[in-house]
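Asks: I'd like to go over a predicted model; first the sequence, then the structure.
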Amino acid sequence: MAIAEVNISKLPEEVTADGLKIYGPTSYETQVAILSQYLHTLDGKHDKLSGEKRDEILGAIRDFVEYKRQQDKKNPMWKDVSDEDVCIAADSPLENDLFADFFKVPFPAPENPKFTFIDLFAGIGGFRIAMQELGGKCVYSSEFDAQAQRTYLANYGEMPFGDITKEVTKSYIPDGFDVLCGGFPCQAFSLAGKRLGFQDETRGTLFFEIEEILRRKQPKAFFLENVKGLMIHDKGRTIRTILEHLDQVGYDVVPPQIVNAMDFGVPQHRERLYIIGFRKDLHVDVAQFHYPEPTTPEGHRVPFKAVMEKKEVSVKYYLSDVYLETLRRHRARHEAAGHGFGYEIIDKNGVANAIVVGGMGRERNLVTDDRLTDFRPVTNIHGEVNREGVRKMTPREWARLQGFPDNFKIVVADASAYKQFGNSVAIPAIKATAEKELELLGVI
C-alpha cells in the first residue's frame, strides 16, 4: 500500500467546506488530538484510546486519508487506495509512512521511558521538555489556546486536547500514569490586577479541575506551578484552601516554595510557586523532600548577553524615537507620583525582569543593541527608528530566558510567540525540582 504522508505543518488551522471532514461529534482539533496522542502511545503499554474509543480513531484516520486525497489528487501515490487500505492504516498506523511526520519533531518522547506523566494547561510544553529530559513519557496533554496548540503540535507531534473543563476532554485521560503536571492559570492569583482568586470563574476555579482529575485518576504524584502571589492571596486563605483540597483527595503535600529561575541557569528574575505532592498510600516521607540548591547562585548567574541574538536583528524590533520618548514621559510621570512603574533597559551583564504577557511586559525588558545597519522601517511606525539602539527582545531571546533550546520551533506570529513564552514555565527550574520529586518517588 502506498499512501502519501500527512504533513503536520500543512494541516488546516480551521475546518472549511473544502477542508477536513468532521467525524461524529468531535471537532477538528479533537480529531487531531485523538489521532496524534494515540499514535504516540502505540508502544504496547499505554494504548489509551483502544476499546470504546476505537471508532473515533478509525474515523479520524479515515478523515485524514480523505483529506489527503482531496488535497493531493494528482499524486500517483493515491492511485488505487481502497477502503481496505484505510482500515489497514488504522489497524497498524506505524507500519506505513502515512503518519511518519508526527514523529519527525524536535522533542520526541524517550524510547524507554522511566515514568509517565500528563501535561495539563500545557501551553507550549515547558513541563514536557523538563520531564522528557528526565526520562518521562507524556501520555496526555491538554491546552485551551489554539495558537499554543499549533506550537505544541510542531514540537512534539501531538495536538493537545482542548477545554479541560469539559467532561469529553477529561474522558481521554488514561489510567495508571505516574505524575500530573500543570502550570494552572495564574492571572486570578497574580500580584497585578484585581486578584479575584476563586471568585474568578474563568481561571481561578481551574484548580478544581486538577483536584477532580487527581481524585479520579490517583497518580503517584503531582507537580503544580503558579505565581508567587498565590501564597499571600486573600491573606493566605486561598493557598490553605488548595492544600486542604489536595489533602482530601489523598495526597501528602510538600510545603510549597517560591523558586527563582535565575538560580537555575537562565538570566531571568522569575519567581514562581511550586506545589508538590505524593499519594498517601505510597507512604513517601515528604519531610525528606528538599528543593534543589541553586545551580547558578548569586555571583555566578548567567548574564543576558549569553542568550542575546548573535547576529543583527530585524529593524522591526527597534523602537521609534516617538515611542521611546513616550515611554520616557510615562516613566517620569510615575516617578513624580512616587511610583516605580515604567520601561527598563536591561544591563546585558545582568538578568532580565520576569517576562510577562500584557501591560509593559516587553517594555520592562528592553535592551540596547547598536548592531543595526539598516534603519528603514519595515512596519508602520510614528517617527524614525531610534538611533540609540534601543529595541525589544526577540521571541527567540524570550525562549532562551525560559530555557527553551534553540531547536524549539516558533511557528506563530511574534505577538503569539511572546504570549506563549511569557506564559510558560522556566524549564531548568522545573527540571531541577522535578528531579528531586522523581528521585524520592523512586522512578529515576
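Replies: Cool, got the structure.

Asks: If you count contacts, what does the longest strand that the chain contains end up packed against?
Replies: As assigned by DSSP state E, the longest strand anywhere in the chain is strand 271-279. Judged by 3 or more CB pairs under 8 Å, 6 or more residues apart in numbering; DSSP states H and E, the packing partners of strand 271-279 are strand 221-227, helix 237-248, strand 251-253, strand 257-260, helix 427-441. The way it works is simple: take the backbone N, C-alpha and C, and place the C-beta from them, glycine included.

Asks: what's the burial count for Asp281?
Replies: 10 (other CB atoms under 10 Å).

Asks: actually Phe375, not the one I typed
Replies: Neighbours of Phe375 under the rule other CB under 10 Å: 11.

Asks: which residues does Lys311 contact?
Replies: Arg371 (CB atoms under 8 Å, 6 or more residues apart in numbering).

Asks: Please confirm that it is located within a helix.
Replies: No - counting by DSSP: H, G, I helix; E, B strand; the rest coil, Lys311 is not part of a helix but coil.

Asks: can you give me phi and psi for it?
Replies: Main-chain dihedrals, Lys311, degrees, to the nearest 10: phi -120, psi 170.

Asks: From Ala154, how far out is it?
Replies: 23 Å (CB to CB, to the nearest Å).

Asks: Ok, Glu388 next?
Replies: In terms of CB to CB, Glu388 sits 36 Å off from Ala154.

Asks: out of those two, which sits in the more crowded spot?
Replies: Ala154 (18 against 13).

Asks: what sits against that one?
Replies: 8-9, 105, 409, 411.

Asks: nearest residue to Tyr317 other than its sequence neighbours?
Replies: Nearest residue to Tyr317, sequence neighbours excluded (CB to CB, 6 or more residues apart in numbering): Arg391, at 4.5 Å.

Asks: Determine how far the helix or strand where the one you found lies lies from the middle of the whole chain.
Replies: In this assignment (DSSP states H and E), Arg391 forms part of strand 390-392. From the chain centre to the centre of strand 390-392 is a distance of 26 Å (CA atoms, centre = their mean, to the nearest Å).

Asks: same thing with stretch 431-444?
Replies: With CA atoms, centre = their mean, you get 20 Å for stretch 431-444.

Asks: Give the buried residues for that stretch.
Replies: Buried residues in stretch 431-444, counting neighbours by 16 or more other CB atoms under 10 Å, are found at 431-438, 440-441, 443.

Asks: Extract the C-alpha set from stretch 101-119 and format it as CSV.
Replies: The C-alpha coordinates for stretch 101-119 follow below in CSV (Å, rounded to 0.1, in the frame of the first residue of the first chain):
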residue,chain,number,x,y,z
ASP,A,101,5.6,13.3,10.1
PHE,A,102,4.1,13.1,13.6
PHE,A,103,7.4,11.7,14.8
LYS,A,104,9.8,14.0,12.9
VAL,A,105,9.7,16.5,15.6
PRO,A,106,12.4,18.3,17.7
PHE,A,107,11.3,16.7,21.0
PRO,A,108,10.3,13.1,20.7
ALA,A,109,9.4,11.0,23.7
PRO,A,110,12.2,8.8,25.1
GLU,A,111,12.3,5.3,23.7
ASN,A,112,12.4,3.5,27.0
PRO,A,113,10.6,5.8,29.5
LYS,A,114,11.2,5.5,33.2
PHE,A,115,7.8,7.0,34.1
THR,A,116,4.7,8.5,32.6
PHE,A,117,3.0,11.9,33.1
ILE,A,118,0.2,14.1,31.8
ASP,A,119,0.7,17.7,30.8
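
Asks: Show me what counts as buried in that stretch.
Replies: 101-102, 105, 107, 109, 113, 115-119.

Asks: Next step: these restricted to strands.
Replies: 115-119.

Asks: would TSV of the contacts of Ala154 with distance to Glu29 be doable?
Replies: Compiled in TSV, the contacts of Ala154 are given as follows (distance: CB to CB, whole Å):
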residue	distance to Glu29
Ile8	13
Ser9	16
Val105	18
Lys409	19
Val411	16
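
Asks: Turn those residues into a markdown table, including secondary structure and pLDDT.
Replies: Output for the contacts of Ala154, formatted as a markdown table (DSSP: H, G, I helix; E, B strand; the rest coil; pLDDT from 0 to 100):
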| residue | secondary structure | pLDDT |
| --- | --- | --- |
| Ile8 | helix | 84 |
| Ser9 | helix | 82 |
| Val105 | coil | 96 |
| Lys409 | coil | 98 |
| Val411 | coil | 96 |
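
Asks: Of the residues you listed - the most surrounded one?
Replies: Most surrounded of those: other CB under 10 Å gives Ile8, at 20 neighbours.

Asks: May I have the predicted confidence score for the residue lying closest to that one once chain neighbours are set aside?
Replies: In this structure, Ile8 finds its nearest non-sequential neighbour in Asp101, 5.1 Å apart by CB to CB, 6+ apart. Per-residue confidence (pLDDT) for Asp101: 89.

Asks: got it, and Tyr23?
Replies: pLDDT, Tyr23: 45.

Asks: The closest residue to Lys104 other than its chain neighbours: neighbouring residues, count only.
Replies: Nearest non-adjacent residue to Lys104, counting by CB to CB, 6+ apart: Gly157, 7.5 Å away. Applying other CB under 10 Å, we find 23 residues neighbouring Gly157.

Asks: One more: the one 10 residues further on?
Replies: Taking other CB under 10 Å as the neighbour definition, Glu167 ends up with a count of 7.

Asks: circling back to that earlier point, next, format the buried residues of stretch 101-119 as TSV and append distance to Phe207.
Replies: Formatted as TSV, the buried residues of stretch 101-119 follow (distance: CB to CB, whole Å):
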residue	distance to Phe207
Asp101	36
Phe102	32
Val105	31
Phe107	28
Ala109	28
Pro113	28
Phe115	24
Thr116	23
Phe117	18
Ile118	16
Asp119	16
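
Asks: Among those, which pair sits farthest apart?
Replies: With CB to CB as the measure, no two of the buried residues of stretch 101-119 lie farther apart than Asp101 and Phe115, at 27.1 Å.

Asks: what mean pLDDT does stretch 426-441 have?
Replies: 98.

Asks: Equivalent analysis for stretch 343-352, please.
Replies: For stretch 343-352, the mean per-residue pLDDT is 96.

Asks: Put the alpha carbons of that stretch into PDB.
Replies: Extracted as PDB, the C-alpha positions of stretch 343-352 are listed here (Å, rounded to 0.1, in the frame of the first residue of the first chain):
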ATOM      1  CA  TYR A 343      10.100  50.900  30.900                       C
ATOM      2  CA  GLU A 344      13.500  49.500  31.700                       C
ATOM      3  CA  ILE A 345      16.600  48.900  29.700                       C
ATOM      4  CA  ILE A 346      18.300  45.700  30.800                       C
ATOM      5  CA  ASP A 347      22.000  45.600  31.600                       C
ATOM      6  CA  LYS A 348      23.400  42.900  29.200                       C
ATOM      7  CA  ASN A 349      25.700  41.800  32.100                       C
ATOM      8  CA  GLY A 350      22.700  41.400  34.400                       C
ATOM      9  CA  VAL A 351      19.500  39.400  34.400                       C
ATOM     10  CA  ALA A 352      16.100  40.300  32.800                       C
END
